[in-house]
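# Here is my input; please provide its structure:
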Amino acid sequence: MTHRHRRRHTAVAIFLLLGLVATLTACSEGGTPLPTGLGAGSDRSSAQGPVGGSSQAEDAIKLRYAAWKGRGQTAPDYAVVLISETQLPSEYSLVKDEPELLSGSVSGYTGVRRGLNQLQDRSVTVTVPIFNEARSDYSDDALLIATIDQQGALLSSTRYDWPAADRPEPFDLARKATDGYARVVAAEGSGITIPSAAAGDRPEKVYITSIMGDAFDDKLLWAMVRGSSSVYKAQIQKLGE
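Got it, this is the predicted structure:
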């Protein structure tokens, strides 16, 4: 075989190989994309879709499957189901009308965020800034921190002034809280009433001001909703099963 024929056969083989690679790439990119949204940034699981009837369907780290991603989207199959409620003292009522006080980092402190956090002893905290009368704004110099145990009982509510050396330290493996619209319902018989201020533009579309998966129990969530200063224990469930 001449060198010219060898070069021609080599060129044909390369062309066919490139065509095969392009076909495989198109197939891999043409599949249904995984849902993203509320809670996706703090998801520590593998990128597997939920499986109906399995433990994954109720797993707290599958929060994104209950997220309401668009104005015209139909209701997600999965929902955040509120199962019990812990009412915080009246000092926390300010978050009903100013839910932004539950989000973002606390300025001047390292690794401390507003809203829901979790401690190494498994208890959960709610951190909010205190209104500064002199400056007429909410200052992180003074913090109000409520502590709740795993059963949902309120353990304490304490004011911490700067530098708050004795404040509770968040667990380094705690899941990061997030916020946004999700499908939310109250468990039957729970006696929980979701405030009308939390409602979106669709039935069961609710604005969650702070929600966090429990670091020690993958099926447990802690949540707060707009228009309420209560903390709710919750689970992810596929409705209709």
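# and the longest strand seen in the chain, which strands flank it?
Taking DSSP state E as the criterion, the chain has its longest strand at strand 137-148. According to DSSP bridges, strand 137-148 forms sheet pairs with strand 124-132 (antiparallel), strand 154-161 (antiparallel).
# Can you give the contact residues for it?
Strand 137-148 is touched from outside by 86, 88-89, 91-92, 98, 101, 106-109, 119, 123-132, 154-162, 164, 167-168, 231, with contacts defined as C-beta atoms under 8 Å, 6 or more residues apart in numbering. C-betas here are computed from N, CA, C, even on glycine.
# Just the buried ones out of these, please.
Buried members of these, counted by 16 or more other C-beta atoms under 10 Å: 86, 88, 92, 101, 106, 109, 123-130, 157, 160, 164, 167-168, 231.
# low pLDDT regions in the protein?
For the chain, the stretches with pLDDT under 70 are 1-62, 72, 111, 136, 138-140, 241.
# ranges for the strands of the protein?
According to DSSP E, the strands that the chain contains are 78-86, 115-118, 124-132, 137-148, 154-161, 178-186, 205-213, 221-225, 231-238.
# from the middle of its chain, how far away would the fifth one be?
Just to be clear, that refers to strand 154-161. 24 Å (C-alpha atoms, centre = their mean, to the nearest Å).
# same question, the second one
Computed by C-alpha atoms, centre = their mean, the separation of strand 115-118 from the middle of its chain amounts to 11 Å.
# so what strands line up beside that strand?
In the sheet, strand 115-118 lines up with strand 124-132 (antiparallel) (DSSP bridges).
# Contacts for the partner strand, please.
Strand 124-132 is contacted from outside by 88, 92, 94-95, 101-102, 106, 112-119, 137-150, 159, 168, 170, 210, 212, 214, 222, 224, 231, using C-beta under 8 Å, 6+ apart.
# Quick check on the residues you listed: which are buried?
Neighbour counting by 16+ other C-beta under 10 Å classes 88, 92, 94-95, 101-102, 106, 112-118, 138-141, 143-148, 168, 170, 210, 212, 214, 222, 224, 231 among those as buried.
# Tell me what residue 210 is bridged to.
Beta bridges link residue 210 to residue 224, judged by DSSP bridges.
# re the thing from before, which stretch among the strands paired with strand 137-148 comes nearest residue 203?
Residue 203 sits nearest to strand 124-132 of all those, at 28.1 Å, using C-beta to C-beta.
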